[in-house]
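no sequence on this one, just coordinates:
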């Protein structure tokens, strides 16, 4: 009988091992060929490993293989000698002695993947994502995105949040409106979840503080640079809050923690992307109404829509607060009731407004959050005032009927946050396989 | 201007603080009322906090409130004196002096949530999940599930895997067959992902080792005790494998790590659930063909279907290996080509079989995995031999055409694994809000 022990270890050297190795060390490693630069009897082969590039050197004297046998995107195993060299990435290069080809492509990719920046249109880049993601810069974007998720998750865990995973096929939309995908569920009408809103509230009654990092689906019928039809939502919900300021406090803490993690653990990617991370100490907070008036005055604008912020207004608020308070983030609080969903808690001091907020970052909304209604009668009334039938929300209303603490939460759109972190202007740059009105593939 | 600092901290005492507090300490904490047991001038109030129960004592002399004002599922803030008492859970109880009611339910729940076991039918339990999850035992199931996910994630991260998040709305199914949900995507036909198979393979070319923990959707048209129509898949895919034994090795390591994490960090839940965790040192591995023959002989059975394992056969293999090798897990390898998908690599030594495996645990398949085809021509041929048109898989085949290392992976169904860990016989017990043919709510 054979047995599997589970003592899995890397079988040859990782980049960290190579960096730690001494000058002259014999090394064995593997990777995919990123580029081959032949200069006759001498040449450079760049090896793409899972977390970086390794510069390898071919020379006719040392190398027992033919450099012409190598080409981009081959999977190879290599042996050689490590030479410290400050000019090479990581401070070393590998003088190759032997190469084993493990797998060879049928055809070289039509575009050069090893350029510092791909240089294709975004359209082409996305259409070829199965291979363009192999470009060092493209790859760094999504490695960094892993770090953003990891930073949030670690912070929530440390603060006593429970991670949850809630249904994506649902019987009714949480956010209302027409931007919801319908599907046939064994003859029943079903929808794709627009947010985990109802479920995360339910789970506040169970775990008090919860978070979910998962897919959300919005059937937005317009192609813009900041909307995706499927994206990753970072969602929290927590009970026993004193006010919605607690929610903003957790968000500020989470962002600070996440940025620190990126600096510590994703320095390689930050360097490749040359991203200037925002510096966050504290985040200013301004009322919706005041913010509107401030920019109207400062920039000599007329207030057209008193109930919502236009994209241009978001940009101007960000601009103003960056200048005045040196902050790239700004909380805008107390949004009008009209523009908030039925579960939003009204401001007891002025029932035209809600105890809610958005977070703006570099000119764009990246979060919507707020305190929710926990009282059953209040929630039923609010539904009716919004033209909704409480009978349609019976399972959701169970929690209000049978007791809920004061609570609230927020959600961040991951790709949009990453787009702004990268200082990019199209959210698709930060979406690995974006879904929009015209794109279902790759 | 107001600022949010992000220095979020718990505002009163957590259970860990209470356990650490000295006898006689003045304490302040909060929670939801789990149960009230009045004995006239004296009584017990159990407080449900986010990660456990706290026994509180009411007495007419000490307590400055009326116990009759309290009822189940109220959210309260309490002050009192801590008394060490070995008979109480956690070794202490809180003698209450003051209670503030933060929120009261409209109606007490129809069922007693504070029983050790709920005692309702599974049907009722699930229909009332928004509140039945508040039961201490129900809650422990899903806290433990968090631990399972956390264990896997930590292990993968330590082993150099990159976490990915891939589209759930897709243009074609990866697993074939009819069990796929269709939806209308702006007039185009789209599907819900049956697995992240294509995408995780694509990302092996980028990050070498990847994992995804996310939703998968299967439109199985039968209600069984072991199928869900939506579940959480724990998926990995890795390149530069020597053989599919590497994949089983990672899985064995991941399971061992996860079980250790549960013992260390989820001891409270394990105690509540009284779960006997499996002991895993090494996992036996047997060929499909040999396993079939072994149980045919041992249990005097006829082999009916030479191409697949019947559920009863899975049970018998588990039974046999538990008895013979004292292992509750067993890998069954080299499944017939007929029963494996088009991306499975054939065994070069016998092309009727594939380089693949299932993992059985306590009588049930919890994983399917194996080496994949990386060669373009071989993959195109295999598609054709399975009656598929390679033209339909053009974006997927990009990776084969432009180079892939030898690679493979596996997937675990989270809820099914948890069901077996809990020694339960219906997967719905381990699904927070299960989706089956007749259930879209809650």
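Nice, thanks for sending it over. Keep in mind that what you see is a predicted model, and the values were worked out from it rather than measured. Numbers count the residues shown, from 1 in each chain, chains lettered A, B, ... in the order given.

What is the burial count for residue A:23?
10 (other Cβ atoms under 10 Å in any protein chain shown). For the C-beta atoms, the positions are set from N, CA and C on the backbone; glycine is no exception.

just checking, it touches residue A:82?
Yes: counting by Cβ atoms under 8 Å, residue A:23 does reach residue A:82; the two are 6.7 Å apart.

what is in contact with the two at once?
The contact sets of residue A:23 and residue A:82 do not overlap (Cβ atoms under 8 Å, 6 or more residues apart in numbering or on different chains).

Surely residue A:79 is within a strand?
Yes: under DSSP: H, G, I helix; E, B strand; the rest coil, residue A:79 falls within a strand.

Let me see the contact set for the residue nearest to it when sequence neighbours are not counted.
The shortest distance from residue A:79 to any non-neighbouring residue, by Cβ to Cβ, 6 or more residues apart in numbering or on different chains, is to residue A:98 (4.4 Å). Neighbouring residues of residue A:98 by Cβ under 8 Å, 6+ apart: A:63-65, A:78-80.

Compare the residues you listed and tell me which has the most neighbours.
residue A:78 (24 neighbours).

so what's that residue up against?
So residue A:78 contacts A:28-31, A:47, A:56, A:94, A:96, A:98-100 (Cβ under 8 Å, 6+ apart).

Return the distance of the nearest residue to it once chain neighbours are set aside relative to residue A:147.
Once flanking residues are discounted, residue A:78 sits nearest to residue A:99: 5.2 Å by Cβ to Cβ, 6+ apart. For residue A:99, the distance to residue A:147 equals 33 Å [Cβ to Cβ, to the nearest Å].

what's the answer for residue A:381, then?
Distance, residue A:381 to residue A:147, using Cβ to Cβ: 44 Å.

more neighbours, the two?
Ranked by neighbour count (other Cβ under 10 Å), residue A:381 and residue A:147 place residue A:147 first, with 22 against 13.

what's the helix or strand for the more buried one?
helix A:136-158 (DSSP states H and E).

and that helix with helix B:136-158, angle?
Counting by axes from the mean of the first three to the mean of the last three Cα atoms, to 10 degrees, helix A:136-158 lies at 150 degrees to helix B:136-158.

Give the buried residues for helix A:136-158.
Within helix A:136-158, the residues that count as buried by 16 or more other Cβ atoms under 10 Å in any protein chain shown are A:136, A:138-153, A:155-156.

ok, now stretch A:416-427?
Here stretch A:416-427 shows A:416-422, A:424, A:427 as buried, counting by 16+ other Cβ under 10 Å.

Filter these down to just the ones in strands.
Counting by DSSP state E, no part of the buried residues of stretch A:416-427 is found in strands.

ok, these vs residue B:182, which is closest?
Ranked by distance to residue B:182 (Cβ to Cβ), those are led by residue A:427 at 26.7 Å.

Setting aside sequence neighbours, what's the nearest residue to that closest one?
Leaving aside its sequence neighbours, residue A:427 sits nearest to residue A:419 (Cβ to Cβ, 6+ apart; 4.8 Å).

Am I right that that neighbour is in contact with residue A:426?
Yes: Residue A:419 lies in contact with residue A:426 (Cβ under 8 Å); the separation is 7.1 Å.

Could you pull up the residues touching the residue nearest to residue A:427?
A:226, A:425-427, A:429-430.

next one: residue A:416
Contact partners of residue A:416, counting by Cβ under 8 Å, 6+ apart, are A:226, A:231, A:364, A:366, A:427, A:430.

try it again with 6 Å
Residues in contact with residue A:416 (Cβ atoms under 6 Å, 6 or more residues apart in numbering or on different chains) are A:366, A:427.

For it, give its distance to residue A:234.
11 Å.

What is the end-to-end distance of stretch A:18-34?
In stretch A:18-34, first residue to last residue: 18 Å (Cα to Cα, to the nearest Å).

Direction included, what does the helix or strand just after the helix holding residue A:147 pair up with?
Later in the chain than helix A:136-158, the nearest helix or strand by DSSP H and E is strand A:162-163. According to DSSP bridges, strand A:162-163 forms sheet pairs with strand A:209-217 (parallel).

if we can go back for a sec, correct me if wrong, but the residue nearest to residue A:78 is in a strand.
Yes: assigned with three-state DSSP, residue A:99 falls within a strand.

Wait, it touches residue A:77, no?
No: counting by Cβ atoms under 6 Å, residue A:99 sits too far from residue A:77 to count as a contact (7.4 Å).

out of the two, which sits in the busier spot?
residue A:99 (24 against 17).

So that one versus residue A:226, what's the distance?
From residue A:99 over to residue A:226 (counting by Cβ to Cβ), the distance is 46 Å.

re earlier: got the confidence number for the residue nearest to residue A:78?
pLDDT for residue A:99: 98.

swap in the one 4 residues further on?
Reading off the confidence values, residue A:103 has pLDDT 98.

and it, what does it touch?
By Cβ under 6 Å, 6+ apart, the contact set of residue A:103 is A:75, B:374, B:405.

Touching, the second one and residue B:404? I think so.
Yes: because the distance of 4.1 Å satisfies Cβ under 6 Å, residue B:374 is recorded as touching residue B:404.

Show me what the helix or strand harbouring residue A:201 is in contact with.
Residue A:201 is located in helix A:197-207, with elements delineated by DSSP H and E. The contact list for helix A:197-207 (Cβ under 6 Å, 6+ apart) reads A:162, A:164, A:166, A:174, A:210, A:235, A:237, A:239, A:396, A:399, A:404, A:407, B:50, B:130, B:133-134, B:139.

Mind listing what's buried along it?
For helix A:197-207, burial by neighbour count (16+ other Cβ under 10 Å) applies to A:197-207.

Please report phi then psi for residue A:177.
phi 80, psi -180 (degrees, to the nearest 10).

Tell me which residue lies nearest the centroid of chain A.
Residue closest to the average C-alpha location in chain A (Cα atoms, centre = their mean): residue A:414, at 3.2 Å.

and the gap between it and residue A:153?
12 Å.

before we move on, what about residue A:133?
23 Å.

Excluding covalently adjacent residues, which one is nearest to residue A:150?
Closest residue to residue A:150 apart from its sequence neighbours, by Cβ to Cβ, 6+ apart: residue A:261 at 6.5 Å.

element containing the one you found?
Assessed by DSSP H and E, residue A:261 sits inside helix A:245-265.

what angle sits between that helix and strand A:209-217?
Going by the same axes, to 10 degrees, helix A:245-265 makes 80 degrees with strand A:209-217.
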